[in-house]
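**Student:** Curious how this folds, go ahead:
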Amino acid sequence: MTDFETIDALLAAARQEVPLPGTEERRALREGVNLSRAQVARALGVGPSTVGGWEAGRDPSGEVREKYAYFLEGARAKLLDRAAQDEGTDDVTPQDTETGPGGSRDEPGTGDDGGAEQGAADDPADDVEALPQPRPCVLCGQPAGHQVAGFPQHLDPAECGAPAASPQPQPQPQPQPQPQPQPQPRPVTAERTAARTPREQPAGRGVPGRPARPTRVVPVGRRAQAADAPGAIGRTVAAELAAATGDVEAATAALVKRAIPDAMALLDETRKGGRYDVVAHPWIPDVLRKQSARGADHIWEARPRWTRGELPPGAHEVTALDVNGAYLSALKTHLPIGQLEHSTSPEHDRRRAGVHLITPPAWAHDAVLPNPLGNRDEPGPLWVTEPTLRLLLRLSGPAYGLCDPPEIHESFTSGATEGLLEKFRVALKDARDRAIAEDDGVTLEYVKAMYSKFVSTMGESNYNRELYRPDWMHLIRSQAFANLWMKAYRAYDEGLMVVRAMGTDELHVIGDWRAVFPEGRGVTEVKVKDTYAIGADGDPGGLSYREV
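**Tutor:** Residues are numbered from 1 along each chain as shown. You can find the predicted model right below:
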């Protein structure tokens, strides 16, 4: 065969890749047929984050592309079929969604410290959408054609509480003041639901003549469930204990071993209905890549390892405090949503987050407080993360006045939100709180492994191939260090003497610390790690004590 014949044969064998719908439509099609990313991923033989990447802008290739196109076309046909049957229309197009950075829906939040501190940056209070097909109302369980803030609900309260096919007879009205007429019904929101009295609850429940006992509910993805119902974490623990025939050590070892894939599955579950997609494998700048196989990248995390140089003369009792769930709390931080973009602007944009090359300010308070940059001996510019930069900017402001503002030379940032991992964090926190309350050591060790390994393996790791975000890894760890620094400052500001600050969770103080920090095992509390004495009468106050 000649070269030309070889080329002709190659061209004849080549085939055009099957077309795919736009990224905005892919997620709408999947959600329209009520399938999760994990379900689609299992059918296609890929990971859930891979499906998320396709919905955020990346395209599959080869045989898996054909399978994905076949799924999308089938989903579109199913939606058209349903619409024609239910509404008698000939043509229905799945609802379009506006995309933000990285193919995410809606516009990015401001990432500001104000409202975002309260938590629900990911879920607007009155986000009303029409559903492609009725789904059970979270209040009464009957089919509803709309959803409010991601939860199926009846927009008209009069429709809520009675089955659609056979309405319950209304009770005889009791004499009571006439309500003020309302111009039009408005969506049922969480605030209105919480404010309902037992008489206002949907009819047909409980014992006649007796107010029904309210059921406390919590959000689970786009749905709600009873607060005391076992979640995914509880069910997994129960299954492992059953498989180990009650052997606690064997069940704990098995759970810790599967902590990484289980954390990724929980992340996928808690991101259902979120305003932003998790971009699992974006382009990463060289400053975030390891310089060698066993080396590190260029990012400085500001890990503190500080010890006070001198104490006043005399004997002192030092308490080593342990900060609970440091990495779990640090999941609440401003994270870049999409691909990082380069900038040489000297100004800081609070709506964005990433890594920054800065010249840090001088620090003149090392005698009483650790440097917010940690133990940095080399002078000159360095790459820091968003939490470190925001901490320095905060301390340079009029409220603190502890240093000059840092000088920003260049940045790699993206639109950001503080609530990206909030539902994931809350799910882990609730499981941790329940495990502590029930003295459940198995679940507690499992949850600890989930959030600690989630943070440590999202960089260049062979243990987690589903999420490659070294920028997030550095930001979350730096947020833990920044949180510890703020606890040290709070202790100092309340009159305690700060002796040591170590890593993410160790703070040594002298004084009545219980007047400053609540004691306990919750993530907002601290517990005693050790107590020891320093100095004696006549001692000049130099620090000399055993390590803890």
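**Student:** all contacts plus neighbour counts: C-alpha atoms, from now on.
**Tutor:** Fine.
**Student:** Check the secondary structure at residue 358 for me.
**Tutor:** Assigned by DSSP: H, G, I helix; E, B strand; the rest coil, the conformation of residue 358 is strand.
**Student:** doesn't residue 388 make contact with it?
**Tutor:** No. Between residue 358 and residue 388 there is no contact under Cα atoms under 8 Å: 10.6 Å.
**Student:** more neighbours, the two?
**Tutor:** Using other Cα atoms under 10 Å as the criterion, residue 358 and residue 388 rank with residue 388 on top: 23 against 19.
**Student:** Give me the pLDDT for that one.
**Tutor:** For residue 388, the model assigns a pLDDT of 97.
**Student:** which ones are touching it?
**Tutor:** Residue 388 makes contact with 301, 302, 372, 373, 478, 479, 482, according to Cα atoms under 8 Å, 6 or more residues apart in numbering.
**Student:** Report the beta-bridge partners for the residue found closest to residue 383 once you drop the neighbours it is linked to in the chain.
**Tutor:** Distances taken as Cα to Cα, 6 or more residues apart in numbering put residue 357 closest to residue 383, at 4.3 Å, once the chain neighbours are dropped. Judged by DSSP bridges, the bridge partners of residue 357 are residue 383, residue 410.
**Student:** Next up, the contacts around residue 357.
**Tutor:** Residue 357 neighbours (Cα under 8 Å, 6+ apart): 381, 382, 383, 384, 408, 409, 410, 411.
**Student:** One more pass at 6 Å, please.
**Tutor:** Applying Cα atoms under 6 Å, 6 or more residues apart in numbering to residue 357 gives the contacts 382, 383, 409, 410.
**Student:** Could you give the separation between the terminal residues of stretch 521-530?
**Tutor:** Distance across stretch 521-530, first residue to last, is 15 Å (Cα to Cα, to the nearest Å).
**Student:** actually stretch 314-333, sorry about that
**Tutor:** End to end - Cα to Cα - stretch 314-333 spans 42 Å.
**Student:** Please identify the buried residues of it?
**Tutor:** Residues of stretch 314-333 classed as buried by neighbour count (16 or more other Cα atoms under 10 Å): 316, 318-333.
**Student:** That one - what's its average pLDDT?
**Tutor:** 95.
**Student:** what's the answer for stretch 431-440, then?
**Tutor:** Averaging pLDDT along stretch 431-440 gives 93.
**Student:** Ok, stretch 285-296 next?
**Tutor:** For stretch 285-296, the per-residue pLDDT averages 85.
**Student:** mind checking pLDDT for residue 181?
**Tutor:** pLDDT, read off for residue 181, is 50.
**Student:** Residue 131: what's it in contact with?
**Tutor:** Going by Cα under 6 Å, 6+ apart, residue 131 touches 145, 146.
**Student:** hang on, it in a strand?
**Tutor:** Yes. Assessed with three-state DSSP, residue 131 lies in a strand.
**Student:** Can you list which of the contacts of residue 388 are found in strands?
**Tutor:** With strands defined by DSSP state E, no entry of the contacts of residue 388 lies inside them.
**Student:** Closest one of those to residue 136?
**Tutor:** Nearest to residue 136, judged by Cα to Cα, of the contacts of residue 388 is residue 479 at 39.7 Å.
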